[in-house]
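1. My questions are about this predicted structure, shown below with the sequence.
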Amino acid sequence: NRRNGPLQLKGISTHGIHWFPQYGNRLAVRQLKLLGANLFRVAMYADSSHGGYNESKEARERNLYLLNLVVGHALEEDMYVIIDWHLLKDETPLRHMESARSFFEDISARYADNPAVIYEICNEPNGATTWEDIREYAQVIIPVIRQNSPRALVIVGTPNFSSRVDEVKASPLEFHNVAYAYHYYPAIAGDAYIPLLEGMLEQGYPVFVSEWGIDANTVTGDLELERAQAFVEFMRRHRISWTNWSLSNKDESLSAIRSEVTKLHGWTDDDLTPSGRLVFRAFSE
Ligand code: IDC
């Protein structure tokens, strides 16, 4: 939308695709689109435990099957889609770099040159993982993707659960069309995102909020709805693209759908959690 400046992508993420694949159905995606979303994130846990992609051959096949099914639905509904290598428990992307390399080789061949497909190559590096480790991984994976999709947008995770986006400044990547991930959970980060992200943007670093979720204040126990709304407005002002965590009915505050609701699309306000209501409204704000 050129009249309003650069295109801002907004949408929601699946929960782990191996846990809640049913929410990636075509009619659900269509409803999100009608509500104003233009982006859908498909989170494929890459871990070697809990059914993640690197757990076993069977887990790989199942995850891949579900990922492609849901990516297909998003593309058919004319959405941008993030293919998320959801690194979490394994802490460093270097641990499964060979597996990631062949995954991104295959998946970028499958969606070669499709401008709607965005690659998120490591969700949340954590533990002792440094930006230099992530950089080493990115230097291998990005060229693999670019062989098939020279112009594809690639999102790169940052240290400490994609919260330390500023650490990339020490040695930024030299590829074009790369964005750095910043993940936001208000009860943890509070208002610290404001100076952090403004500092990044002023210096011209592209930031992508590929995950944010509405958690509860650790002291009062109240949902951080006000901070969440302020964050949405901040991202709109700065044209930062985002996907919220997550589209599922798991019994946790981050879910968009109430846990008692079994509908898989056609949701009304009554079916949504406080988080879901805020996020679904934000698609069109
Ligand atoms: C959480 C899910 C939760 C699941 C847990 C472990 O909401 O149901 O049990 O993962 O797999 C992240 C991660 C994201 C987390 C989310 C909330 O990217 O996988 O999902 N979160 O904890 N980073 C910060 C928060």
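-> Happy to help now that I have it.

2. show me where the stretch 101-250 of the chain has helices.
-> 131-148, 159-162, 186-189, 193-202, 225-237 (DSSP state H, counting those that start in this stretch).

3. Spell out which parts of the stretch 1-150 of the chain neighbour the ligand.
-> 88, 123, 124 (CB under 6 Å from any ligand atom). Where you see a C-beta, it was placed from the backbone N, CA and C, and this is true even at glycine.

4. Which neighbouring elements make contact with the longest helix seen in the chain?
-> The helix that spans the most residues within the chain, counting by DSSP state H, is helix 57-76. With contacts taken as 3 or more CB pairs under 8 Å, 6 or more residues apart in numbering; DSSP states H and E, helix 57-76 sits against helix 26-34, strand 39-45, strand 80-86.

5. what would the ones you listed look like in CSV with mean pLDDT and mean neighbour count?
-> Below are the helices and strands packed on helix 57-76 laid out as CSV (pLDDT from 0 to 100; neighbours: other CB atoms under 10 Å):
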stretch, mean pLDDT, mean neighbour count
helix 26-34, 98, 19
strand 39-45, 98, 27
strand 80-86, 98, 25
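
6. what residue is smack in the middle of the protein?
-> residue 210 (3.4 Å; CA atoms, centre = their mean).

7. so it makes contact with residue 155?
-> Yes. At 5.3 Å, residue 210 counts as touching residue 155 under the criterion of CB atoms under 8 Å.

8. Show me the common contact partners of these two, please.
-> Counting by CB atoms under 8 Å, 6 or more residues apart in numbering, the contacts common to residue 210 and residue 155 are 82, 120, 181.

9. What separation is there between the second one and residue 243?
-> Counting by CB to CB, to the nearest Å, the gap from residue 120 to residue 243 is 9 Å.

10. Overlap of the contact sets of the two?
-> The contact lists of residue 120 and residue 243 share 41, 82, 210, where a contact means CB under 8 Å, 6+ apart.

11. need the contact list for the residue lying closest to the second one once chain neighbours are set aside.
-> If I follow you right, that is residue 82. Closest residue in space to residue 82, ignoring its immediate chain neighbours: residue 41 at 4.0 Å, by CB to CB, 6 or more residues apart in numbering. With contact taken as CB under 8 Å, 6+ apart, residue 41 is in contact with 11, 12, 13, 14, 81, 82, 84, 120, 210, 211, 243.
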